[in-house]
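In: Quick one, what's the 3D model for this:
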Amino acid sequence: MAPGQPPGPESIILPTPDTYPHGITSDGTNLWLTNYSTDTLYRLDPTDGTVLGTFPLDVNPSSPRGLAWDGQYLWVATSSWIRQIDPETGLEISFWGGFDTNQQGVAFDGTNLWVASLNTGNISCIDPVSGTVLSQIPSPATSPRGIEYRNGRLWHADSYQDRIYEIDPATGDVLGSFLMPRSGARGLAWHGDRFWMVDKDAAQIIGFPTARSGPHTITAGYVSQGTTMCVFTNTSGSAYTNTHVYMALAQSDTGSQILSRRFFVNGIEHVPLSLDPDEFGQVTADMFIGTVAPGAVITTSVEHIARLWNWTVDVHLEQVGSRDTIDPAITNLYARDEVMYGIHTPYIQAEAEVAVGTESNIFTMAHRIHDHVIESTTYDVDAGWSDAVTVLQQGYASCSGYAYSMIALCRARGIPARFAGGSECRSFEAGSLDTLHHRWVEVFIPGYGWVPFDPTHDDWSDEGQGLRWREVGGQQRAIILRRGGGPNVMGWQYVGRAEHDGGGIDEARSSSWIGMPWTDDGDLDGDGVSNIDDAFAYDRAASADTDGDGMPDDWNSGYTAGHSTSVPPLLADDNDDNDALTDEEEAIAGTDPADANSTLAIRGMEVAGNNLELYWPSASGRVYAVWASTNIGDSSVCEHADIPANPPLNTYTTAIPVVQQFYRVHVALAP
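Out: Below is the predicted model:
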């Protein structure tokens, strides 16, 4: 079961009168609740849950589940019957039966009833006057429960995925979804400014607002160590020369934070020749090897330490911007043609027309293309990296073919799209090894940015079919590369690529990930400082950060800035205590660079007869000078120089000035 989110501080939580609550609805003033085990109907005050009325449902069979309000009467869904109830007496007025079994939710759209069935997975539209089933649409829910009608849409609870789906009642298309604040929901209703769900297990009703936007993390991340590796063998009879191995570097994004990075060639730490971004912003390490002897095997690897999250994108159609709001730089880069896409070919243009039709909302267009690729393609791990035209014509593809096809159809309709490649950390404890890797799609949705779509994963899994919502994988995923096409040093690869002068080559690529459990007394970076005491527990080059600004006070013994493995590399802090002086200036002044209260400043002035005495803290091995000016903004004049230190406090005596004076103290190391 997917974990629900804990109710936020803006949620309203009400107790139910007894156990086994199920259906819920609103009459505009009060909430109504059914109890599954006692066959009871309750009218509740929505502010505090006070019971305002109790009605036994004297009908057979009962076990009431769904509940709806039509403006005058209540409608109660039991296992296979729909019953009209007088809210003043609780008596049955009429009933209809013979529909789907195990009915869970019922809603009223102003004219007709909508009933969701757990057994058949259908949502039926029913004429409340005749009981005729007018139409049916499939429920997108794995475990269909409560249903509500609002603003021309059906809203449908899924107690397995813990989501509420927004459904077009005319087509059955899922237009959006979002997480519920609790697992295992039953009834669903709208009252006031929020949805209300029934938590049967906790015997509570939760009212929660639905304002959401953009990507958001739904589960806490954990830290993993990942290694991407490329093994290259010189299969020719002569030496390679000028050999470079280009390795794609994982980048921090919504679902991951790259904490540190190290490079190796044949197990020996290596400094890349360069770390250069391409036109898509993808950073690639140039692991220069030089000459490679015949038969030699070269293993290049990049070790990442990363914090990985599960996350979702909740998209609301009314918040999706139009195409003309997209930055032209994004469109120019990610809506152009590439050799694998063929977006101007008649075939791709025709397929895009079939997929999208007359739809104009960019998010819905993208998801119709996503569904079209799934319907047109069967997964074949051995299909290679065929172009979009070939994939859609032959009807089978690897994950790369799925991605190229969706990108091509999006771009054919002017929608920016790109591919991402990476691997998953499938088990925190046992780790995982990936020799195939995975490629999926990201589409630029105005108002949301880059939104992930994974047609390959969704073709494997029922939970992705037809949904207008995507959760990136089911587990933490490390994205190694993001690109729009094939040029530059990586070509169409998404782990690593070798380049050399002459000869044949065998290549093998892999990625491995394993969790890095945290213990306070452990030493993850091996620098001799325990994790709990190490401000940079994933970087051996530094350990101390007195002022907590993310910059090390100094480098560990034997290390310099060039040894930092953090992403980005650490920069030494030149002001550890965040006072007005840099560490270098404090070294000259003899003050403590780790104490913001330890500064060189005039601490006081006292009048002694006709004289004025100035005081400041001093340190051995320094000489001081007193400067004065009549205006704080004017240039100062040295009044007395070469004043020797008299620790811990120097005193300087001068005649009381006739006019206003401002004083400063200068310090220098004694000659």
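
In: Toward the C-terminus, what is the element adjacent to the least confident helix or strand in the chain by mean pLDDT?
Out: Least confident helix or strand of the chain, by mean pLDDT, DSSP states H and E, is strand 470-471 with a mean of 36. Downstream of strand 470-471, the first helix or strand assigned by DSSP states H and E is strand 477-483.

In: partners of that next one, with directions?
Out: Applying DSSP bridges, strand 477-483 is found paired with strand 417-424 (antiparallel).

In: What are the buried residues along whichever helix or strand comes after the partner strand?
Out: Next in sequence after strand 417-424, counting helices and strands by DSSP H and E, comes strand 432-434. Going by neighbour count (16 or more other CB atoms under 10 Å), the buried part of strand 432-434 is 432, 434. Where you see a C-beta, it was placed from the backbone N, CA and C, and this is true even at glycine.

In: after strand 432-434, next one along is what?
Out: Next along from strand 432-434, by DSSP H and E: strand 438-445.

In: which residues sit against that next one?
Out: By CB atoms under 8 Å, 6 or more residues apart in numbering, the residues outside strand 438-445 that reach it are 315, 320-321, 326, 330, 334, 362-363, 366, 370, 399-400, 402-403, 406-407, 410, 415-424, 450-457, 482, 494.

In: do stretch 602-611 as well
Out: 612-617, 649, 653-656, 663-665.

In: Mind giving me the ChimeraX command for buried ones among these?
Out: This is the ChimeraX syntax for the buried subset of the contacts of stretch 602-611, where burial follows 16+ other CB under 10 Å:
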select :612,614,616,617,663,665
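
In: Mind putting the contacts of stretch 602-611 into CSV with secondary structure?
Out: Listed next are the contacts of stretch 602-611 as CSV, based on DSSP: H, G, I helix; E, B strand; the rest coil:
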residue, secondary structure
612, strand
613, strand
614, strand
615, strand
616, strand
617, strand
649, strand
653, strand
654, strand
655, strand
656, coil
663, strand
664, strand
665, strand
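
In: Quick check: the gap between the residue nearest the centre of the chain and residue 180.
Out: In the chain, the centroid-proximal residue (CA atoms, centre = their mean) is residue 254; its distance is 3.5 Å. Computed as CB to CB, to the nearest Å, the residue 254 to residue 180 distance reads 22 Å.

In: give me the low-pLDDT residue ranges for the stretch 201-350 of the chain?
Out: Along the stretch 201-350 of the chain, the model assigns pLDDT under 70 to residues 210-222, 309-314.

In: As a check, name the ranges of all helices in it.
Out: Assigned helices in the stretch 201-350 of the chain, in chain order: 328-334, 346-356 (criterion: DSSP state H, counting those that start in this stretch).

In: just these: most buried one?
Out: helix 346-356 (a mean of 17; mean count of other CB atoms under 10 Å).

In: Who are the packing partners of that one?
Out: With contacts taken as 3 or more CB pairs under 8 Å, 6 or more residues apart in numbering; DSSP states H and E, helix 346-356 sits against helix 362-376, helix 388-394, helix 399-412.

In: Can you pull out the residues in contact with that helix?
Out: Contacts for helix 346-356 (CB under 8 Å, 6+ apart): 341-343, 365, 368-369, 371-373, 376, 388-389, 392-393, 408-409, 412-413.

In: mind redoing it with 7 Å?
Out: 342, 365, 368-369, 372, 388-389, 392, 408-409, 412-413 (CB atoms under 7 Å, 6 or more residues apart in numbering).

In: where in the stretch 501-650 of the chain is pLDDT low?
Out: In the stretch 501-650 of the chain (pLDDT under 70), the answer is 502-506.

In: nearest to residue 549, of the helices of the stretch 201-350 of the chain?
Out: Residue 549 sits nearest to helix 328-334 of all the helices of the stretch 201-350 of the chain, at 33.4 Å, using CB to CB.

In: Any idea what residue 167 is bridged to?
Out: Assessed by DSSP bridges, residue 167 has beta-bridge partners residue 154, residue 174.

In: neighbours around it, how many?
Out: Neighbour count for residue 167, taken as other CB atoms under 10 Å: 27.

In: likewise residue 566?
Out: Count around residue 566 with other CB under 10 Å applied: 20.

In: before we move on, the earlier item: can I get the contacts of stretch 602-611 in JSON lines including distance to residue 238?
Out: Shown next, in JSON lines, are the contacts of stretch 602-611 (distance: CB to CB, whole Å):
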{"residue": "612", "distance to residue 238": "87"}
{"residue": "613", "distance to residue 238": "85"}
{"residue": "614", "distance to residue 238": "80"}
{"residue": "615", "distance to residue 238": "80"}
{"residue": "616", "distance to residue 238": "74"}
{"residue": "617", "distance to residue 238": "72"}
{"residue": "649", "distance to residue 238": "78"}
{"residue": "653", "distance to residue 238": "86"}
{"residue": "654", "distance to residue 238": "84"}
{"residue": "655", "distance to residue 238": "90"}
{"residue": "656", "distance to residue 238": "91"}
{"residue": "663", "distance to residue 238": "78"}
{"residue": "664", "distance to residue 238": "73"}
{"residue": "665", "distance to residue 238": "73"}
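
In: Nearest to residue 247 among the contacts of stretch 602-611?
Out: Comparing the contacts of stretch 602-611 against residue 247 with CB to CB places residue 617 closest, at 53.3 Å.

In: and that closest one, how far is that from residue 667?
Out: Residue 617 sits 10 Å away from residue 667, going by CB to CB.

In: can you check residue 480 too?
Out: Separation of residue 480 from residue 667 (CB to CB): 53 Å.

In: Which one's more surrounded, these two?
Out: Legend: neighbour count by other CB under 10 Å for residue 480 and residue 667, higher for residue 480 (25 against 21).

In: Identify the residues contacting the more buried one.
Out: 228, 248, 250, 421-422, 494-495.

In: export those to TSV and tack on distance to residue 546?
Out: Below are these laid out as TSV (distance: CB to CB, whole Å):
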residue	distance to residue 546
228	35
248	37
250	31
421	41
422	37
494	41
495	40
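
In: Can you say which of the residues you listed are buried?
Out: Neighbour counting by 16+ other CB under 10 Å classes 228, 248, 250, 421-422, 494-495 among the contacts of residue 480 as buried.

In: returning to what we had before: what touches both of residue 617 and residue 667?
Out: Overlap of the contact sets of residue 617 and residue 667 (by CB under 7 Å, 6+ apart) consists of residue 600.

In: where in the stretch 1-150 of the chain is pLDDT low?
Out: In the stretch 1-150 of the chain, residues with pLDDT under 70: 1-10, 58-62, 98-100.

In: quick one, helices of it?
Out: Under DSSP H, counting those that start in this stretch, the stretch 1-150 of the chain gives no helices.

In: all strands in the stretch 101-250 of the chain, in order from the N-terminus.
Out: Taking DSSP state E, counting those that start in this stretch as the criterion, the stretch 101-250 of the chain carries its strands at 103-108, 113-117, 122-126, 133-138, 144-150, 153-158, 163-167, 174-179, 185-191, 194-199, 204-208, 215-217, 222-234, 240-248.
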